[in-house]
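Attaching a predicted model along with its sequence, questions to come.
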Amino acid sequence: MHILTFANRKGGVAKSTSVWAVGHCLAHQFGKRVLLVDCDPQRNLTMCLPTVGKERHLAQVAEGKATLAQVMQPVGERLWLAQASEPLAAAEKILGADIAYPMLFRNNLDGLDSLVDYIIFDTSPSPNSPLALAAMTASTRVYVPVQPEYFAFEGLQSLLDIVERIRKNYSPQLRVGGLFLTKYARSYRRSLHHEFVDMMKEHEQLGPLVMQTSIRENVAIAEAQVQRKSLYEWAPTSNAFQDYEALTKEIMVSLSA
């Protein structure tokens with residue numbers, strides 16, 4: 001069972017979208033059993049997946065009332081969701097006062113290795129999110145979506161520092177699986193974006209982490225999410241589908257390295 005977290009300390013970088021798209025690709029294209037966990041109180045991931053019953057949700061895990069296996073609900077073939085709900089924000093504040101909060105998800109994995117092949121955590125951009133830290137502590141890889149903007153640099157370095165502290169203190173197996181660009185293509189006529197990408201690739205620490213696949217802008221993503229459908233169902237010939245399928249393949253290769 002592979003446990004992944006998608007994270008960035010900057011909002012609006014297509015983090016939830018990437019969890020949504022990669023999860024669907026793993027399930028539909030590669031036949032994997034996938035659990036998506038929405039750790040963001042904003043609930044973006046939950047709102048772009050089919051509606052599930054309100055009686056089970058992630059706040060119950062944060063409050064110590066249930067395990068992940070007990071709150072997961074089917075949202076497609078070979079695809080499950082541990083949904084975010086309105087009580088999650090309050091539950092996260094209480095969780096942050098518990099000295100053992102980084103171990104929350106690691107201690108709630110019982111029974112999942114026989115049910116799913118992948119767990120993917122979607123996290124809040126909040127720099128002090130207890131749920132995001134707990135997700136990374138439970139994971140073996142962190143993948144970072146990045147938009148080509150100069151302001152992204154500071155957040156990236158900060159996130160890498162957090163991952164390194166978690167690795168040293170809690171999870172020796174944790175590492176950054178890669179950084180991938182979103183809303184970007186080399187063919188776009190945006191010189192500042194290209195300068196940022198070149199600068200990032202030449203950076204001593206960030207450069208080796210930049211993945212080959214980048215995600216182009218495509219209206220099909222928003223259309224599919226509004227309909228609560230996957231790109232596989234809504235726009236299987238779109239650039240977005242092709243890009244996320246390529247990204248998913250690259251992730252699978254990186255996990256076997």
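Structure received. This one's a predicted model, so the numbers in the text were calculated from it and none came from an experiment.

From now on I want contacts and neighbour counts done on CA atoms only, so please keep to that.
Will do.

Mind listing what's buried along stretch 14-24?
14, 15, 16, 17, 18, 19, 20, 21, 22, 23, 24 (16 or more other C-alpha atoms under 10 Å).

Show residues contacting that stretch.
6-8, 34-36, 44-45, 48-49, 79, 120-123, 144-145, 182, 221, 230-232, 244-245, 247-248 (C-alpha atoms under 8 Å, 6 or more residues apart in numbering).

go with 6 Å
Outside of stretch 14-24, the residues within contact range by C-alpha atoms under 6 Å, 6 or more residues apart in numbering are 45, 122, 248.

and which of these is nearest to residue 67?
Taking C-alpha to C-alpha as the measure, residue 67 lies nearest residue 122 of those, at 17.2 Å.

Go ahead and confirm residue 123 touches residue 130.
No. Counting by C-alpha atoms under 6 Å, residue 130 is not a contact partner of residue 123; they are 9.9 Å apart.

Please identify which of those two sits among more neighbours.
The neighbour comparison of residue 123 against residue 130 (other C-alpha atoms under 10 Å) goes to residue 123, with 30 against 23.

what residues are up against the more buried one?
Residue 123 sits next to 7, 39, 40, 132 when contact means C-alpha under 6 Å, 6+ apart.

any idea how far it lies from residue 223?
Using C-alpha to C-alpha, to the nearest Å, residue 123 is found at 23 Å from residue 223.

how close does residue 39 sit to residue 140?
In this view, residue 39 and residue 140 are 17 Å apart by C-alpha to C-alpha.

Which one of those two is surrounded by more residues?
Using other C-alpha under 10 Å as the criterion, residue 39 and residue 140 rank with residue 39 on top: 30 against 20.

Name the nearest residue to that one, sequence neighbours excluded.
Excluding its sequence neighbours, the residue lying closest to residue 39 (C-alpha to C-alpha, 6 or more residues apart in numbering) is residue 123, at 5.0 Å.

Show me where the stretch 51-200 of the chain has its strands.
Ranges of strands in the stretch 51-200 of the chain, per DSSP state E, counting those that start in this stretch, are 73-76, 79-82, 118-122, 141-146, 175-182.

could these be laid out in CSV, adding mean pLDDT, distance to residue 252 and mean neighbour count?
Shown next, in CSV, are those (pLDDT from 0 to 100; distance: least, C-alpha to C-alpha, whole Å; neighbours: other C-alpha atoms under 10 Å):
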stretch, mean pLDDT, distance to residue 252, mean neighbour count
strand 73-76, 97, 21, 18
strand 79-82, 98, 17, 25
strand 118-122, 98, 11, 25
strand 141-146, 96, 11, 26
strand 175-182, 95, 10, 20
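
Residue 121: what's it in contact with?
Applying C-alpha under 6 Å, 6+ apart, we find residue 121 in contact with 5, 37.

measure residue 34 to residue 73 for me?
The spacing between residue 34 and residue 73, counted by C-alpha to C-alpha, is 11 Å.

Any regions of this structure where pLDDT drops low?
Within the chain, the stretches with pLDDT under 70 are 127, 189.

For it, just list every one of the helices.
For the chain, helices defined by DSSP state H occupy the ranges 15-28, 44-47, 58-62, 68-71, 88-95, 130-138, 152-169, 191-202, 219-226, 231-234, 239-256.

before we move on, the earlier item: switch the strands of the stretch 51-200 of the chain over to JSON lines; also include distance to residue 102.
Shown next, in JSON lines, are the strands of the stretch 51-200 of the chain (distance: least, C-alpha to C-alpha, whole Å):
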{"stretch": "strand 73-76", "distance to residue 102": "24"}
{"stretch": "strand 79-82", "distance to residue 102": "18"}
{"stretch": "strand 118-122", "distance to residue 102": "14"}
{"stretch": "strand 141-146", "distance to residue 102": "15"}
{"stretch": "strand 175-182", "distance to residue 102": "16"}
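
Thank you kindly, that will do.
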